[in-house]
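Chemist: here's a sequence, model it:
(chains A and B)
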Amino acid sequence: MAIMSSYRPDNSSARYKRFAQMAYTCAIEPKSTKKYDNEIPLESLFRLLEMYRYNAFKDDAHSGVLALRSASEIRHHPVANAWHLSIKQALDETFNEVFEGKSKDEAVRELETILYLMSNRKQLTAEQKDQAADFFRLFSEALL
Amino acid sequence: MKPVDFLINEAENLQFVLDQTLRYDYGLDGSREFYEECCARLKHIKSELKIIDAADVEVVCEVAKDIDDLSELICRIERSSLGEYSWPFVEEFKEISKEICTEIRDVGPPRIPKVHVIAEGGLSSYSIYSDPNRELGKRRIFTIVFPRTLKHYVLLHTILGHEVGHAIYNLPKVQGKLDDIFLTHFVTPNKIFKDQKTVVQWLYSANAPEDVRGELNKLEIDHSIGSKDFFFAFASYDSWIQEFLCDFIGLLMFGPSFLAAHTDLLYSSDPNGDGIHDDHPFTALRVNILLTAAEVLGYDQWVFDQRIQSAVNDFWKDLFAKRQTDPWYDIFPKSSIKQTIEHLKEYLATFEGALYPKPAIGEIEKLVTKILDRCPPVGYQYDNGPQCSHVDFRQIIFAGWIAHAHKSTKVKKTKITFSEINRLCEHGIMQQASIKLMLNNKNKRTRSK
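Modeler: Alright, predicted model coming up:
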């Protein structure tokens, strides 16, 4: 048996909260953040938006086609599929508030464009800057 | 040492290992891009460690896990330099998977994943791991794993078609589309698999095979897991559904060869097909579904010339003999399998090279004849001078399976073992890659004139 457990509970909500706070700072004070430090958090948020857009939250590593674990080799932690529920709810609420009246596709696309521009150190328009600031502030507040 | 100081030190160790192992090019694909991706991930971890609140236990644990994950990744990439896998197969496999594995986004350029390949011990190592969407990274990394002992067994490597299914299922856009097709045509209309409750009723029904009831009983006695918490404490319903889906994808990508590899490999560790597994549904059920799918696709109706027709008949006879006859396993009607296959086929056809093409007339016959003559099966013949032609590597593999079913490979005088057939096919794939290069260059020269 290994000396320590490799299993750790999912902590995605707290992580996205931190990343949303970083994105908020990046939107309102772009010069205060260095590109490299934000690139991975921004890409993570982009991937989250893609999962949200296509309702594709099944994101667990699977075992190989022949890794047939039987009843005698039972794991102590069955695959959890609920990691996204609170995050999805926070996204629903934030999108409704910031992109009111827009379709889900349209709103996600606009926000993804903002993330792409931020990630490439491109200037945001005043409207995009406000949207980004509002969205990421409210999203981070809505997450536990 | 305080926990955060320990992690800072470990991040430095990781930087050292990274520089030592991946900074310089090695292997077929070079390591520069892997190095850059790992550097970006490590740089993020280091910047997190700079601002971390040592009292925030959750974040400290999270960063510790990120360091562990990156460390494992770097060591896996390092091991891929050993090259103990069939690289001719891998190169062709990458070619047919390239488009389907590329993430197309509405904003920004397409995201092409980086692929690395390693060999591991044990048959169960066959897999393709894709970075989950929650993994920290700029670029997605796929890890293809082959069993070390089956290095040259290209006929069995077709099982990786199933694994491509899992890898692309991680791409949100693809997952959304596949879920839409699969739930609409396969899962929701099914009386048993429509939800967890009905699956459990079926599993614990009185007419379940005796061995199944015995295993369920063992689960209850050894682990106190019964019908009420089967899908909570032991198995994953979503994983079972995903396994069915990936079987269909494998079949559509590799054709009859996938079915042959699937049944040989799965039954090797679960001979009756009735073992209960947490992430995988019954082998017998999966095989029955795939055999019906092959019939729906008309694979077993393909006609070949008399040189190989009896071998083809034997190939299918062997496969259909693996159908589990207990009616308890027949829960998916042919009409549902047909509809599912048609929609999946239509979707996969949008990705160049992904679908298994029907062999051209006479193509398989020529390749099988070469194998029986102990020559690598390739698109080459000497007929008033050398004649070269394109051959999809999947046809070389299918020819390998038919040669294996051919009676002449079983008799003492002309015997060719399964291992030898695999080696011949692997050489055929490698030589065919050269033929492809030559033909493509020839076409370029003709066009430039």
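
Chemist: pull out the buried positions in the helix or strand containing residue A:132.
Modeler: Using DSSP states H and E, residue A:132 maps to helix A:126-142. Using 16 or more other Cβ atoms under 10 Å in any protein chain shown as the test for burial, helix A:126-142 gives A:128-129, A:131-140, A:142. C-betas here are computed from N, CA, C, even on glycine.

Chemist: please apply the same query to stretch B:385-404.
Modeler: Residues of stretch B:385-404 classed as buried: B:388, B:391-404 (neighbour count, 16+ other Cβ under 10 Å).

Chemist: now do it: distance from first to last residue.
Modeler: In stretch B:385-404, first residue to last residue: 30 Å (Cα to Cα, to the nearest Å).

Chemist: state the mean pLDDT of it.
Modeler: Taken as a whole, stretch B:385-404 has a mean pLDDT of 96.

Chemist: how about the contacts made by the residue nearest to residue B:331 when sequence neighbours are not counted?
Modeler: Using Cβ to Cβ, 6 or more residues apart in numbering or on different chains and skipping the chain neighbours, the partner closest in space to residue B:331 is residue B:192 (4.8 Å). When contacts are counted by Cβ atoms under 8 Å, 6 or more residues apart in numbering or on different chains, residue B:192 touches B:198-199, B:201-202, B:331.

Chemist: thinking again about what came up before, narrow the buried residues of stretch B:385-404 to those in strands?
Modeler: Judged by DSSP state E, strands contain the following of these: residue B:388.

Chemist: give me the below-cutoff pLDDT ranges for chain B.
Modeler: Scanning chain B for pLDDT under 70 picks out the ranges B:24-30.

Chemist: show me what the longest helix anywhere in it is packed against.
Modeler: Longest helix in chain B by number of residues (criterion: DSSP state H): helix B:418-448. Secondary-structure packing of helix B:418-448 (3 or more Cβ pairs under 8 Å, 6 or more residues apart in numbering or on different chains; DSSP states H and E): helix B:87-101, helix B:363-372, strand B:386-388, helix B:393-405.

Chemist: and those as TSV, adding distance to chain A?
Modeler: TSV is the format used below for those (distance: least, Cβ to the nearest Cβ, whole Å):
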stretch	distance to chain A
helix B:87-101	15
helix B:363-372	26
strand B:386-388	35
helix B:393-405	17
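
Chemist: relative to residue B:216, which of those is closest?
Modeler: Among these, the nearest to residue B:216 by Cβ to Cβ is helix B:393-405 (35.8 Å).

Chemist: okay, and residue B:33 sits in which element?
Modeler: Here residue B:33, judged by DSSP H and E, is contained in helix B:32-51.

Chemist: list the buried residues of whichever helix or strand comes after that helix.
Modeler: Counting by DSSP H and E, the next helix or strand C-terminal to helix B:32-51 is helix B:57-80. The neighbour-count check on helix B:57-80 (16+ other Cβ under 10 Å) flags B:59-60, B:62-64, B:66-67, B:69-71, B:73-74, B:76-80 as buried.

Chemist: just checking: which of these also lie near chain A?
Modeler: Contacts with chain A within the buried residues of helix B:57-80, counted by Cβ under 8 Å from any Cβ of the partner chain: B:59, B:62.

Chemist: and residue 39, what does it touch?
Modeler: With no chain named, the answer covers chain A. Neighbouring residues of residue A:39 by Cβ under 8 Å, 6+ apart: A:119, B:40, B:44, B:138.

Chemist: hmm, no, I was thinking of chain B.
Modeler: Going by Cβ under 8 Å, 6+ apart, residue B:39 touches residue B:18.

Chemist: return the helix or strand in chain A with minimum mean pLDDT.
Modeler: helix A:35-53 (a mean of 89; mean pLDDT, DSSP states H and E).

Chemist: so which bits of that helix are buried?
Modeler: Applying 16+ other Cβ under 10 Å to helix A:35-53 flags A:37-53 as buried.

Chemist: the next helix or strand after it versus helix A:35-53: what angle between them?
Modeler: Counting by DSSP H and E, the next helix or strand C-terminal to helix A:35-53 is helix A:85-98. Orientation check (axes from the mean of the first three to the mean of the last three Cα atoms, to 10 degrees): helix A:85-98 against helix A:35-53 gives 90 degrees.

Chemist: so the helix or strand following helix A:85-98, near chain B or not?
Modeler: Using DSSP H and E, the helix or strand that follows helix A:85-98 towards the C-terminus is helix A:104-119. Yes - using Cβ under 8 Å from any Cβ, helix A:104-119 reaches chain B at A:109, A:112-113, A:115-116.

Chemist: tell me the most packed of these, by neighbour count.
Modeler: The residue in the residues of helix A:104-119 next to chain B with the most neighbours, by other Cβ atoms under 10 Å in any protein chain shown, is residue A:115 (24 neighbours).
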